[in-house]
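In: Sequence and computational prediction follow.
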Amino acid sequence: MRHLGLDSVDLRWRREASAGQDGGRMATPVLEVSHLAKSYGGFRAVNDLSFAIAPGEVFGFLGANGAGKTTSLRMILGLMPADAGVVRLFGEPWSRPLLRRIGYLPEERGLYRRMRAAEAVTFFARLKGLDGRTARRRAVDLLGRLGLGDVVDRRVENLSRGMAQKVQLAAAIAHGPDLLILDEPFSGLDPLNQQLIEGIFRGEAAAGRAIVFSTHTMQQAERLCRRVLILRDGAKAFEGTVEEARGLLPRRVRLEAPADLSFLAALPGVSALEGPGDGRRGWEAVLASGTEAGALLAACVERGVIPTRFDSSEPTLHEVFVAVAGAAGQDLPSDEAA
């Protein structure tokens, strides 16, 4: 991997990502990426990407297919050379020995099919430096926690796709890494197993381990992450907390009532109002930033109108992702505005 000088690192995002306190001292970021770039001919796969992750953080690395997620993760791990940029691990310049402190689950799964489940996990843990006895103990323990206690001695080729997926996850975390990089870890898992894996992630984060994971399921990112990064066309389109991401879209209020609600359009803070039609049963108001939804309800009551439906739920991360990740060429709020 080619590393450039650190003089151009954006200190603002580094300070923000290091905001955790440890005995009054700033926590050292587990991972710092600055101005990472990769091109294939004239195609810019990753463009000037910078972010940092703190210990114990679960960080969502999001983007549509082809946005540059997997390429970025591979460059961080040294599996692919970067054209430009700096990667620092655990406060130090990137070096191969530091990779032992990382657990990686690639998008393309790869297990030796004739190995038994516990044997496969043990093998990868030993590659990361564990002795054989410790590696075997952790393998059996992890497989039990993942609901695979009764198949520890079954060959991988005889496991279902979901089982093999959990074996590979166990192989990524058995050596007790300080940083987990997981590319689509929920792929191929049913909802019950997804919930199980989410619990494993929360336990790892509570133990101080940082987790970076990519996913196409925004509900998982919403449940697990405090901060997310959304890539679009290889560049960072948004980075911030889930709450800040929701703030990128206006709040919408949906109402139904046995009366005409067009008077709501004149209320301060209502930037748009749509009536019934085009598949809508009722009215939908778009609120300007800082406007309380209760003002609409108060206006209805003042007019003697009691809505039969009043829904003021905030935008979901899924809605934000669709707007941000799919908005190439459109003007979007900047990270500073968020």
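Out: Perfect, I can see it now.

In: Spell out the secondary structure type for the residue nearest the centre of the chain.
Out: By Cα atoms, centre = their mean, the chain has its centre lying nearest to residue 60, at 1.3 Å. Three-state call for residue 60 (DSSP: H, G, I helix; E, B strand; the rest coil): strand.

In: Could you shift the numbering so residue one becomes 577, and keep it that way?
Out: That works, and once the first residue is 577, the last one we named lands at residue 636.

In: what bridges to it?
Out: Following DSSP bridges, residue 636 is listed with bridge partners residue 789, residue 804.

In: which residues in the stretch 577-726 of the chain form strands?
Out: All strands of the stretch 577-726 of the chain, identified by DSSP state E, counting those that start in this stretch, fall at 597-598, 601-602, 607-616, 619-629, 634-639, 660-665, 668-669, 678-681.

In: just the ones you listed: most buried one?
Out: Highest mean neighbour count among the strands of the stretch 577-726 of the chain (mean count of other Cβ atoms under 10 Å): strand 634-639, with a mean of 25. Quick note: C-beta positions are derived from backbone N, CA and C, even for glycine.

In: Packing partners of that one?
Out: Secondary-structure packing of strand 634-639 (3 or more Cβ pairs under 8 Å, 6 or more residues apart in numbering; DSSP states H and E): helix 645-652, helix 767-782, strand 786-790, helix 794-800, strand 803-808, helix 893-901.

In: As JSON lines, the ones you listed with mean pLDDT, mean neighbour count and distance to residue 693 would be great.
Out: Listed next are the helices and strands packed on strand 634-639 as JSON lines, based on pLDDT from 0 to 100; neighbours: other Cβ atoms under 10 Å; distance: least, Cβ to Cβ, whole Å:
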{"stretch": "helix 645-652", "mean pLDDT": "95", "mean neighbour count": "23", "distance to residue 693": "25"}
{"stretch": "helix 767-782", "mean pLDDT": "93", "mean neighbour count": "15", "distance to residue 693": "15"}
{"stretch": "strand 786-790", "mean pLDDT": "95", "mean neighbour count": "24", "distance to residue 693": "22"}
{"stretch": "helix 794-800", "mean pLDDT": "93", "mean neighbour count": "19", "distance to residue 693": "25"}
{"stretch": "strand 803-808", "mean pLDDT": "96", "mean neighbour count": "24", "distance to residue 693": "33"}
{"stretch": "helix 893-901", "mean pLDDT": "92", "mean neighbour count": "19", "distance to residue 693": "34"}
